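Chemist: next comes the sequence, and after it the predicted model I'd like to discuss.
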There are 2 protein chains.
Amino acid sequence: MADNLNRATILEVARDAGVSKTSVSRYFSSERNRLSETMQTRIARAAKRLNYRPNQMARGLKGGHSRLIGMLVADILNPFSVAVMHGVEQACRARGFSLMVCNTDNDPAQERDHLALLAAYRVEGLVINAAGQPSRELKQIAEQGTPLVLLDRSLGDFEADEVGLDNARAIDMALDHLSAQGYGDLLYLSEPTSQASSRQLRRERFEQQLVVRGLEGKAASLSLDKDHAALEHAIRDFLAAPSQQPKALLCANGHVTLAVTRALQAQGVVLGETGLMGIDELDWCDLVTPGITTLAQPTEGIGRAAVEALLQRLENRGNAAPPRRIQYQAQLISRGSTQRPAPLTPR
Amino acid sequence: MADNLNRATILEVARDAGVSKTSVSRYFSSERNRLSETMQTRIARAAKRLNYRPNQMARGLKGGHSRLIGMLVADILNPFSVAVMHGVEQACRARGFSLMVCNTDNDPAQERDHLALLAAYRVEGLVINAAGQPSRELKQIAEQGTPLVLLDRSLGDFEADEVGLDNARAIDMALDHLSAQGYGDLLYLSEPTSQASSRQLRRERFEQQLVVRGLEGKAASLSLDKDHAALEHAIRDFLAAPSQQPKALLCANGHVTLAVTRALQAQGVVLGETGLMGIDELDWCDLVTPGITTLAQPTEGIGRAAVEALLQRLENRGNAAPPRRIQYQAQLISRGSTQRPAPLTPR
DNA sequence: ACCTACGATGGTAACGTTCCCATTCAAGGT
DNA sequence: ACCTTGAATGGGAACGTTACCATCGTAGGT
């Protein structure tokens, strides 16, 4: 009475249909065409009658094909990650794979645990968006031959395909836009760069281009979670410093944009007069008057590309091709926050 | 050269350690204490040397325990769903289960596919947030004895544990608040109610309470994706209609709140003067001047509760307890959008 | 001294598949 | 008429693990 998990097995279906289990197996793999019409209908009927579902566990065990892709996400509460994940999932499904997502909450310990887990389920490939340092676990998985793709991160000397934004180009676009709009004194705000390579890249490019273009400005990295005051302070200092150039803030990602917008609002800053621009498009960017200018990432595309790269490796096992690096371009969405008001004395 | 997936098996570890595979198996299950000290260290060393990881597929096959929980999400791009999912994942992990999430994009076909998939992986329990109609697949899964929990939905005569918001109470809270703030003419806006029971519940309660409390107002359901104009039109009509009562809009969920806020902004409506309130707290609700009043759902708690309910069923197999219904209370976050401006003629 | 009991270990048969290798039969080429 | 071929099917051995049932000491009770 307790365990009435009446899952039918392939053998029961075979018996019911009066055929061999091999034939039933063929019917449910991609060898259906090798079976005669009559056989197909008989099996179909029996399977339906018994409500049979192939056991993926057994399949995975026998053939070594789990048909599972694993994904490691640093922060599932970040809309960017979710959007990418959406793309990843769709692509997986389209190619007959299932996705197992693990969220690490930016915690290296959780990352290790989850990697062990995904390894235990024998995922055939791994999409990774986490940690600055490649953990020992990750290296082992790579050594064992599981192909993996790094999302929006690169991991030092660790060799793997990478998919993400063309960060340098994105920063350039931002600077182009801000300059064109007349802002000449810039503050770049980022979360700590040590954890994520893309954060580092963006910041470095910003600082380098500041010099190249002869602009005023500086960059700051600070943790948003703990020290809410640090951010407000950094902004206040920047805005208070004397300068004959209009000032603008550039936010390194969506999290920063949110925090900065809050801080600016708290300080009564008028957007546009002080410029504001962020990397990552968010739902609400057009709602905060006068609208926040952003660089949108093609999130779904990035997700899909990651899966494509993965499956390509999977198909070309052995041909150890050099790591690929796929870079997507950001798209500028211009809004009021980078529109300077008309000068007070017209004519 | 091609396939260097050198996953060690339990047998190799046993050989390397000079013990039987049974002992190795014991070491990696929860029977480690049955082994002598020496044996434990020998196995540990061998396992580490060979970089052994137990094969979860084989485990699942043998014991029938996949240690997998499946989750079906109607719309992964909805922050509410993500937050709940976060809670579900944490709870699973805490109890030694892994989570397999499938997103249906509100598409019944995808829902069916994904259910079949989850069944194929022999998930031990299912957390479901989807579809108005219980699909045939879902019924079969339930009949086979897989316990399942409905999230923020109930499915007609379909019996299962349910976890979600106390919708009636939430609507009452909203009405209490709006009345107290002096709004007497209300428009309730929702996505189509046919797909989701909670949408239906909320709307019905609203309409019922309107009568009970003797308030003016009405409710409307419309699809946000297709007919952007319909929403604007509904709002315009409502605001244009003559009434001696201050007007307010109540949004059935986060999606609606976003769309409505856009529409109001497009129409140049001043928030507060016209009231606005939404169910679901969102990142940006305090950013849109003068802040949008919301009813926050305890999302993570809901997720965790769902898993708890599931695991309880799993443990008490056979004792067919009646379906439980766990309801959480919303939390009012009052902001400027329900603050009427002081009358123009003071004194 | 002997039997009991328990603690520590090992061997073997499943679990539900797929894959490889038969086997059968009919059609086509010589 | 015979051999070859291939298409349609079936039988059995694996895949890596755990559960069950042995087996062996050795300590404790009589």
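Modeler: Cool, got the structure.

Chemist: for chain A, give me the ranges with low pLDDT.
Modeler: Low-confidence segments of chain A, defined by pLDDT under 70: A:1-6, A:132, A:318, A:344-347.

Chemist: go again with 50.
Modeler: A:1-4 (pLDDT under 50).

Chemist: list the contacts of the closest residue to A:Asn55 other than its chain neighbours.
Modeler: Leaving aside its sequence neighbours, A:Asn55 sits nearest to B:Arg122 (C-beta to C-beta, 6 or more residues apart in numbering or on different chains; 6.4 Å). In short, each C-beta sits where N, CA and C put it, glycine included. Residues in contact with B:Arg122 (C-beta atoms under 8 Å, 6 or more residues apart in numbering or on different chains) are A:Arg7, A:Asn55, A:Gln56, A:Met57, B:Gly60, B:Gly64, B:Ser66, B:Leu68.

Chemist: for A:Glu216, which residues make a bridge with it?
Modeler: Listed beta-bridge partners, A:Glu216: A:Asp185 (assigned using DSSP bridges).

Chemist: residues contacting it?
Modeler: Contacts of A:Glu216 (C-beta under 8 Å, 6+ apart): A:Gly184, A:Asp185, A:Leu186, A:Leu210, A:Ser243, A:Gln245.

Chemist: now the residues you listed as a markdown table including neighbour count?
Modeler: Converted to a markdown table, those look like this (neighbours: other C-beta atoms under 10 Å in any protein chain shown):
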| residue | neighbour count |
| --- | --- |
| A:Gly184 | 18 |
| A:Asp185 | 21 |
| A:Leu186 | 27 |
| A:Leu210 | 18 |
| A:Ser243 | 12 |
| A:Gln245 | 13 |
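
Chemist: report the two of those residues separated the most.
Modeler: Spatially, the most separated pair among the contacts of A:Glu216 is A:Leu210 and A:Ser243, at 13.8 Å (C-beta to C-beta).

Chemist: DNA strand C contacts on the stretch 51-200 of chain A?
Modeler: Within reach of DNA strand C by C-beta under 7 Å from any atom of the strand, the stretch 51-200 of chain A has these residues: A:Tyr52, A:Arg53, A:Pro54, A:Asn55, A:Ala58, A:Arg59, A:Leu61, A:Lys62, A:Gly63.

Chemist: the contacts of B:Arg122 in strands, which ones?
Modeler: Of those, the ones assigned to strands by DSSP state E are B:Leu68.

Chemist: filter the contacts of B:Arg122 down to the buried ones, ChimeraX style.
Modeler: Buried residues among the contacts of B:Arg122 (16 or more other C-beta atoms under 10 Å in any protein chain shown), as a ChimeraX selection:
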select /A:7,55,56,57 /B:60,66,68
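
Chemist: and chain A, which residues reach DNA strand D?
Modeler: Contact residues, chain A versus DNA strand D (C-beta under 7 Å from any atom of the strand): A:18-23, A:26, A:34-36, A:38-39, A:58, A:61-62.

Chemist: about what we covered before: out of the contacts of A:Glu216, who's nearest B:Ile171?
Modeler: B:Ile171 lies nearest to A:Leu186 out of the contacts of A:Glu216, by C-beta to C-beta, at 47.7 Å.

Chemist: my read is that that closest one contacts A:Pro246, right?
Modeler: No. Assessed by C-beta atoms under 8 Å, A:Leu186 is found out of contact with A:Pro246, at 9.9 Å.

Chemist: about what we covered before: export the contacts of A:Glu216 as CSV, with columns for distance to A:Val101.
Modeler: Converted to CSV, the contacts of A:Glu216 look like this (distance: C-beta to C-beta, whole Å):
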residue, distance to A:Val101
A:Gly184, 44
A:Asp185, 42
A:Leu186, 37
A:Leu210, 38
A:Ser243, 46
A:Gln245, 45
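
Chemist: check contacts around the closest residue to chain B within the stretch 101-250 of chain A.
Modeler: Across the stretch 101-250 of chain A, the shortest distance to chain B (C-beta to the nearest C-beta) belongs to A:Ala120, at 4.1 Å. The contact partners of A:Ala120, by C-beta under 8 Å, 6+ apart, come to B:Arg53, B:Pro54, B:Asn55, B:Gln56.

Chemist: ok, the last one to A:Ala321 distance?
Modeler: So the one you mean is B:Gln56. Shown here: B:Gln56 relative to A:Ala321, a distance of 30 Å by C-beta to C-beta, to the nearest Å.

Chemist: could you count how many residues lie near the closest residue to DNA strand D within the stretch 151-300 of chain A?
Modeler: For the stretch 151-300 of chain A and DNA strand D, the shortest gap (C-beta to the nearest atom of the strand) falls at A:Ala160, measuring 24.9 Å. For A:Ala160, the neighbour count with other C-beta atoms under 10 Å in any protein chain shown is 21.

Chemist: what residues are up against it?
Modeler: Counting by C-beta under 8 Å, 6+ apart, A:Ala160 touches A:Ala142, A:Leu148, A:Val149, A:Leu150, A:Pro323.

Chemist: near chain B, which of the residues of chain A next to DNA strand D show up?
Modeler: When contact is defined as C-beta under 8 Å from any C-beta of the partner chain, the residues of chain A next to DNA strand D meet chain B at A:Ala58, A:Leu61.

Chemist: near chain B, which residues of the stretch 151-300 of chain A show up?
Modeler: Proximity of the stretch 151-300 of chain A to chain B (C-beta under 8 Å from any C-beta) is limited to residues A:Leu258, A:Thr261, A:Arg262, A:Gln265, A:Leu282, A:Asp283, A:Trp284, A:Asp286, A:Leu287, A:Val288, A:Thr289.

Chemist: the same query, at a cut-off of 10 Å, please.
Modeler: Applying C-beta under 10 Å from any C-beta of the partner chain, we find that the stretch 151-300 of chain A lies next to chain B at A:254-255, A:258, A:261-262, A:264-265, A:282-289, A:291-292.

Chemist: and those residues, which are buried?
Modeler: In these, burial by neighbour count holds for A:254-255, A:258, A:261-262, A:264-265, A:282-289, A:291-292, counting by 16+ other C-beta under 10 Å.

Chemist: tell me the phi and psi of the closest residue to A:Arg340 other than its chain neighbours?
Modeler: Excluding the flanking residues, the one nearest A:Arg340 by C-beta to C-beta, 6+ apart is A:Gly182, at 5.4 Å. Here is the backbone geometry of A:Gly182 (degrees, to the nearest 10): phi 90, psi 10.

Chemist: okay, now the nearest residue in space to A:His114 that is not next to it in sequence: neighbour count?
Modeler: Nearest non-adjacent residue to A:His114, counting by C-beta to C-beta, 6+ apart: A:Cys102, 3.8 Å away. Neighbours of A:Cys102 under the rule other C-beta under 10 Å: 21.

Chemist: so is A:Cys102 in a helix, a strand, or just coil?
Modeler: Under the three-state scheme (DSSP: H, G, I helix; E, B strand; the rest coil), A:Cys102 adopts strand.

Chemist: got it, and A:Leu249?
Modeler: A:Leu249 ends up strand, using three-state DSSP.

Chemist: quick one: the helices in the stretch 101-250 of chain A?
Modeler: Assigned by DSSP state H, counting those that start in this stretch, the helices in the stretch 101-250 of chain A fall at A:108-120, A:136-143, A:167-180, A:197-213, A:228-240.

Chemist: reformat those as CSV; add distance to B:Phe80.
Modeler: Shown next, in CSV, are those (distance: least, C-beta to C-beta, whole Å):
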stretch, distance to B:Phe80
helix A:108-120, 23
helix A:136-143, 32
helix A:167-180, 30
helix A:197-213, 28
helix A:228-240, 25
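
Chemist: who wins for proximity to B:Val84 among those helices?
Modeler: helix A:108-120 (19.0 Å).

Chemist: pull that closest one out as CSV, backbone CA atoms only.
Modeler: Taking Å, rounded to 0.1, in the frame of the first residue of the first chain, the C-alpha atoms of helix A:108-120 are listed here in CSV:
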residue,chain,number,x,y,z
PRO,A,108,33.0,29.4,-2.9
ALA,A,109,32.0,26.7,-0.5
GLN,A,110,28.6,26.3,-2.2
GLU,A,111,30.3,26.4,-5.5
ARG,A,112,32.5,23.4,-4.5
ASP,A,113,29.5,21.5,-3.2
HIS,A,114,27.5,22.1,-6.3
LEU,A,115,30.3,21.2,-8.6
ALA,A,116,30.6,17.9,-6.8
LEU,A,117,26.9,17.4,-7.1
LEU,A,118,26.8,18.1,-10.8
ALA,A,119,29.7,15.8,-11.3
ALA,A,120,27.8,13.1,-9.4
